[in-house]
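In: kindly return the folded structure for what I paste below:
(one chain, ligands or ions: 1)
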Amino acid sequence: MNKHPIHDFQYKNGELYCEGVKVSAVAKKTGTPVYIYSHKTLVEHVEKIREAFREVNPIICYAMKANSNLAVLKTLVSAGTGFDIVSLGELKKAGMVGADMKKVVFASVGKTDEEIMEAIKAGILLFNVESKPELLNIERIAGKMKKKVRVALRINPDIDAPTHEKINTGSLKKKFGIDLCTARELFVGQKAFRNLTLNGVHIHIGSQITKAEPFMVAIEKALAFIDELEQDGVRIEYFNIGGGLGIIYKDETPQTAAAYAKKILPLLKGRKFRLIMEPGRFIAGNAGVFVTKVLYLKDNGVKKFLIVDGGMNDLVRPSMYEAYHEIVPVRKTAARPVELDVVGPICESGDTFAKARRLPQMKSGEFLAILSAGAYGYAMASNYNVRGRAAEVLVKGNKWAVVQERETFKDLVRGAKVPGFLR
Ligand code: LLP
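Out: Just a heads-up that it's a prediction; the model follows:
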């Protein structure tokens, strides 16, 4: 069988494989639910971006929030990426996998003093600052630490990119970034900040954006802003165009990395700054599947429900964003397709992976794979309903390993206490 164009999950003799490994064999060994990631897909997606943007040699800061499994991060560090981080936890994970801190940028609208201090200590490349009070706080902390700190201002280009309302970040109705007027004042008045160098501009307009146009509009706006700054004598050394590249979940036809580059690169001609990119979903999304087991088939006379052992606590995207994820049987079956809802065991109607989906009639004990679950899958998992989070597996060629153990009940009650006054 030919390789799938976007990932390394494919059928051989009716069995779903991840690279050279049979998905059902992994699921039987680890139990379900389980996330399975392909090393090859991860690396190939980094390469696609690097290749497309080769002429400007960007710093690729993988947005760790999409999937921060340590083995995934290690894979990406080896493939040469840095990281876009948003918390102390993410900073520490970057350290654990030996990231080059000169390729680490730190976004977040609410950085705490501790996070700022630790990131200064670690020597990250840039803070992506999201408000004036945050900038003043970094100036204060850097002063106390006697350090000079590099800063990019995340500007809000006031753009309404076409994507789900909850992941659209580029307009002034949202909490992100600094309005252009304030940002300009801060850049121009930067002599007032003795411990900061304001030499970067950052934008990120949202996620799962499938067309180049919104990016182009935002980038053009940012470039016009950079031109104004240069007229004011401010030198911009880093331009960070964020993440947001959309992927195929269903029938989207997102721009490829090459097509994206073809639209973006001409806009950057002749510019001296270093380009930074923060792809998350593009790298991890199609590199992972979520495997779950059929528990029961229920028919209430009106509807059929396929009840599986994974729930919205494991993969929240369908309930949170009405997101579509392809669902396939791990072993192909000749059984006749039926229309049903694929649901988890959790006590909410929102715990639904698919509505009115045509799937072959499956029996309890059989495995299903929910595709394109590598980004914002495990990363957003919770313990709702006192359910331990799933295991995670990384496949490389014919090898595979559990890279995150399934949580046990002991993990779930660690730190919980019933105080004496209740006795
Ligand atoms: N840079 C910044 C500053 C971001 O906030 C994000 C994502 C990224 C980069 C990476 O964006 P990506 O390339 O992955 O689109 N949980 C949602 C997505 C939330 C995105 C948050 N920020 C989902 O499951 O669709």
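
In: a helix runs through Glu114, doesn't it?
Out: Yes: counting by DSSP: H, G, I helix; E, B strand; the rest coil, Glu114 is found in a helix.

In: so it touches Leu88, yeah?
Out: Yes: with the criterion set as CB atoms under 8 Å, Glu114 and Leu88 qualify as a contacting pair; they are 6.3 Å apart. To be clear about C-beta, it is placed using only N, CA and C from the backbone, and glycine gets the same treatment.

In: give me phi/psi at Arg154?
Out: Dihedral angles phi and psi of Arg154 (degrees, to the nearest 10) take the values phi -80, psi 110.

In: and it, what does it touch?
Out: When the contact criterion is CB atoms under 8 Å, 6 or more residues apart in numbering, the partners of Arg154 are Ala107, Asn128, Val129, Glu130, Phe176, Gly177, Ile178, His202, Ile203, His204.

In: weed out the non-buried ones from those.
Out: For these, a burial check counting by 16 or more other CB atoms under 10 Å picks out Ala107, Asn128, Val129, Glu130, Phe176, Gly177, Ile178, His202, Ile203, His204.

In: check contacts around the residue nearest to the first one when sequence neighbours are not counted.
Out: Ranked by CB to CB, 6 or more residues apart in numbering and with sequence neighbours excluded, the top spatial neighbour of Ala107 is Asn128, at 4.2 Å. By CB under 8 Å, 6+ apart, the residues touching Asn128 are Asp84, Val105, Phe106, Ala107, Ala152, Leu153, Arg154, Gly200, His202, Asn240.

In: so which of those sit within helices?
Out: Of the positions in the contacts of Asn128, not one sits in helices, assigned by DSSP state H.

In: so which of those also contact the ligand?
Out: With respect to the ligand, and counting by CB under 6 Å from any ligand atom, the subset of the contacts of Asn128 in contact is Asp84, Ala107.

In: list, one by one, the residues from this protein near the ligand.
Out: 63, 65-66, 84, 107, 167, 204, 207-208, 242-245, 278-282, 317, 321, 375-376.

In: looking at the residues you listed, which are in helices?
Out: Members of the residues of the chain next to the ligand lying in helices (criterion: DSSP H): Arg281, Phe282, Arg317, Tyr321.

In: if I pick the residue most central in space within the chain, what's in contact with it?
Out: Nearest to the mean C-alpha position of the chain, by CA atoms, centre = their mean, lies Ala66 at 2.0 Å. Residues touching Ala66, when contacts are defined by CB under 8 Å, 6+ apart, comprise Gly280, Arg281, Ile283, Ala284, Gly285, Gly374, Ala375, Tyr376, Ala379.

In: for ChimeraX, what selects the buried ones among the residues you listed?
Out: Selecting the buried subset of the contacts of Ala66 in ChimeraX, with 16+ other CB under 10 Å as the burial test, is done by:
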select :280,281,283,284,285,374,375,376,379
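
In: average pLDDT for the biggest strand by length in the chain, rounded please.
Out: Taking DSSP state E as the criterion, the chain has its longest strand at strand 288-299. Averaging the model's pLDDT scores along strand 288-299 yields 98.

In: who does that strand pair up with?
Out: Neighbouring strands of strand 288-299 in its sheet, by DSSP bridges, are strand 34-38 (antiparallel), strand 304-308 (antiparallel), strand 367-370 (antiparallel).

In: CA-only coordinates of it in CSV, if you can.
Out: Extracted in CSV, the C-alpha atoms of strand 288-299 (Å, rounded to 0.1, in the frame of the first residue of the first chain):
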residue,chain,number,x,y,z
GLY,A,288,-1.3,10.7,16.5
VAL,A,289,-4.4,8.5,16.9
PHE,A,290,-6.5,7.8,19.9
VAL,A,291,-7.4,4.1,20.2
THR,A,292,-10.4,3.1,22.1
LYS,A,293,-12.3,-0.1,22.6
VAL,A,294,-16.0,-0.8,21.9
LEU,A,295,-17.8,-1.6,25.1
TYR,A,296,-21.5,-1.8,24.0
LEU,A,297,-23.8,-1.2,21.1
LYS,A,298,-27.0,0.3,22.4
ASP,A,299,-30.2,0.8,20.3
